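Engineer: make a model of this:
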Amino acid sequence: MYCHYVPQVYQRSWINRAKANEKVYLFEKVKGFRYPELIKIENNFQEPNYYILKLFSLADERFNYLEFFQEDIEKYYTEELSKYDIFLDGCKIPDFLSFFKQLHSFDSLEFWKDGLKQSTRKLKNNIETWWNENISKIIERFFSRGIENKWNNVLNSIIDLTTSQTISNQCLDDLSEFMAIQSSRDIREKNLRDALLQSFEIIEIVLDEIFNKIPEAKEKLYSDDFAREVWLNQLLIYIKNPAKENVIGTLKKIYSSCLFFFIKANRVKFITTNYPVQRLKLKDNNTIIMTLNKEYCVMLAKNPSQPYKRYQVCNASDNIVKYINYILSQGATSLINDYNYYEKSQSLPQKDFEIMFNRAGYLNIFKGQ
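Structural biologist: Got it, this is the predicted structure:
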């Protein structure tokens, strides 16, 4: 099945309304972000079975996902397998923990009941069927039943900002969660990770567990394969036990404590990318940005004071939007827009930012602290 690491519900804001079948224009970095392709969002920013967990194909993975589901497997063992005498190479497996350690050797196990040898293949098919029905899609369900439903509420609240000028604390927390999940994917990007560590003081202990488990992790930290495994591992921790230290939970907490600037575009519109959360450096102050749709971008900054509300609404000049589009494109390998072109500029529009923040009463965000 298609697993979208950037959810379709998010991409939908950049659909070209003149085309059918929910299509967007996809620009690839390998082509210099030229020659865009019109593509359906169901086929975009996805990988088949990207986070579908398979029971018997984990032996070579960097992280052993089975440990997250030991209690589930033990329940299955008690109900379905404890009635058998189980042997491996002639030695009896006495209890669940011994069975759990040998789960990857399932094909070599022998199952006996009432003096008769049972079909290992049949029992393996049974446990795989149970796994696929109950566990394999846990990350998929987390996105489809939670994150994606929350996103519609967040986006509707943002769209109403110009009229109601109010957004709930819950929506801000849900937005922080969405951004935390997306930025945690980018752990392979050294610039972003270093910026996060420096500007938001992420505690190194969040990654210590990974480094202790896999000593070579630091050397491989920025590889695509390792980034994928880190993300899936941290997602599972967050889903199964959010109170446990994990990158997503830490980022969410940090983002939630920031001041939210909802920056509204004018004539020039925002794009988005396959890595939609990026760093934007304003003098000595690092901020985190993510476009929400063509009309709005959110910028998170350390809160220099205690305002009566957690967010501000700002109107961006076209130069600011072009610069944000440039920053987004620099951190991406693919980007999308609703047109077969987009406007960007690598020149930092210092005066425009000063005017925008000054009007909001937060000029010190730009000047640094």
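
Engineer: what does the residue of the chain most remote from its centre show for phi and psi?
Structural biologist: Distance to the chain centre peaks in the chain at residue 115, reaching 51.0 Å (criterion: Cα atoms, centre = their mean). Note on residue 115: its backbone torsions stand at phi 80, psi 0 [degrees, to the nearest 10].

Engineer: how far away is it from residue 150?
Structural biologist: Using Cβ to Cβ, to the nearest Å, we find residue 115 at a distance of 56 Å from residue 150. Placement of C-beta: from N, CA and C, glycine included.

Engineer: for residue 141, same thing?
Structural biologist: According to Cβ to Cβ, residue 141 stands 14 Å off from residue 150.

Engineer: which stretches in the stretch 101-250 of the chain count as helices?
Structural biologist: For the stretch 101-250 of the chain, applying DSSP state H, counting those that start in this stretch gives helices covering 120-134, 138-142, 148-159, 161-164, 169-184, 190-199, 205-213, 217-220, 224-240, 247-256.

Engineer: hey, least reliable of the ones you listed by pLDDT?
Structural biologist: Set side by side, the helices of the stretch 101-250 of the chain give their lowest mean pLDDT on helix 190-199, at a mean of 48.

Engineer: was I right to think residue 311 contacts residue 172?
Structural biologist: Yes: assessed by Cβ atoms under 8 Å, residue 311 is found in contact with residue 172 at 6.7 Å.

Engineer: where do the contact lists of the two overlap?
Structural biologist: Shared between the contact lists of residue 311 and residue 172 (criterion: Cβ atoms under 8 Å, 6 or more residues apart in numbering) are residues residue 260.

Engineer: picking up where we left off before, and residue 141 and residue 150? which has more neighbours close in?
Structural biologist: For residue 141 and residue 150, the more surrounded residue by other Cβ atoms under 10 Å is residue 150, and the numbers stand at 18 against 11.

Engineer: pretty sure that one is touching residue 176, no?
Structural biologist: No: the pair residue 150 / residue 176 is not scored as a contact, 10.9 Å apart, by Cβ under 8 Å.

Engineer: identify the residues contacting residue 174.
Structural biologist: Neighbouring residues of residue 174 by Cβ under 8 Å, 6+ apart: 150, 151, 153, 154.

Engineer: same check on residue 38?
Structural biologist: Residues near residue 38 by Cβ under 8 Å, 6+ apart: 16, 19, 23, 24, 25, 26, 340.

Engineer: element containing it?
Structural biologist: In this structure, residue 38 sits in strand 37-40 according to DSSP states H and E.

Engineer: may I see the buried residues of that strand?
Structural biologist: 39, 40 (16 or more other Cβ atoms under 10 Å).

Engineer: check stretch 327-337 too.
Structural biologist: 327, 328, 329, 331, 332, 334, 335, 336, 337.

Engineer: could those go into CSV alongside distance to residue 186?
Structural biologist: Listed next are the buried residues of stretch 327-337 as CSV, based on distance: Cβ to Cβ, whole Å:
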residue, distance to residue 186
327, 13
328, 12
329, 14
331, 7
332, 10
334, 13
335, 14
336, 17
337, 20
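
Engineer: closest to residue 245 out of those residues?
Structural biologist: Using Cβ to Cβ, residue 331 comes nearest to residue 245 of those, at 25.9 Å.

Engineer: now a ChimeraX select for only the buried ones of the contacts of residue 38.
Structural biologist: Command for ChimeraX that selects the buried part of the contacts of residue 38, burial taken from 16+ other Cβ under 10 Å:
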select :16,23,24,25,26
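
Engineer: what two of the contacts of residue 38 have the greatest distance between them?
Structural biologist: The widest separation within these (Cβ to Cβ) is 12.6 Å, between 19 and 26.

Engineer: is residue 171 in contact with residue 157, as I believe?
Structural biologist: Yes: under the criterion of Cβ under 8 Å, residue 171 makes contact with residue 157 at 4.7 Å.

Engineer: by neighbour count, which of the contacts of residue 174 wins?
Structural biologist: Using other Cβ under 10 Å as the neighbour criterion, residue 154 leads the contacts of residue 174 with 23 neighbours.

Engineer: thought that one was touching residue 168?
Structural biologist: No: with contact defined as Cβ under 8 Å, residue 154 does not reach residue 168; the gap is 9.7 Å.

Engineer: ok, what's across the strand from residue 314?
Structural biologist: Beta bridges link residue 314 to residue 263, judged by DSSP bridges.
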